[in-house]
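Visitor: Requesting a structural model of the entry that follows:
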Amino acid sequence: MSNERFTSVWDAIEDTTAADNMKLRSALMMAVEQRIKERGWTQAQAARQLGVTQPRISDLLRGKIDLFSLDTLVNMVSAAGLHLEFRIAA
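Guide: Take a look at the predicted model:
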């Protein structure tokens with residue numbers, strides 16, 4: 001077993017490209033989940049607001065990251081009334 005340390009769980013289990021993708025999806029999912037909680041939306045209300053089905057909201061709230069693409073999550077963030085900013089660093 002290695003004692004190597006990682007900055008995130010995604011870095012530990014995926015290659016760099018996949019880890020970056022997972023980090024972005026995770027951050028977007030958490031932002032949408034937080035918005036749902038802030039607004040006090042039920043899953044059905046969140047689904048209507050975000051333009052998806054209630055089972056999709058359930059998947060999101062249960063952390064089923066593999067079921068969501070970056071495109072889908074960006075659309076959900078926008079529909080939730082959030083503004084997305086990102087930075088690319090060398």
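Visitor: any idea how far the residue nearest the centre of the chain is from residue 49?
Guide: Centroid-nearest residue in the chain: residue 29, 2.0 Å away (criterion: C-alpha atoms, centre = their mean). Residue 29 sits 16 Å away from residue 49, going by C-beta to C-beta, to the nearest Å. Placement of C-beta: from N, CA and C, glycine included.
Visitor: List the buried residues for the helix ranked longest in the chain?
Guide: With residue count as the measure and DSSP state H as the assignment, the chain has helix 16-39 as its longest helix. Neighbour-count burial for helix 16-39 flags 19, 22, 23, 25, 26, 28, 29, 31, 32, 33, 35, 36 (criterion: 16 or more other C-beta atoms under 10 Å).
Visitor: Give the next helix or strand downstream of that helix.
Guide: Next along the chain after helix 16-39, taking DSSP states H and E as the criterion, comes helix 43-50.
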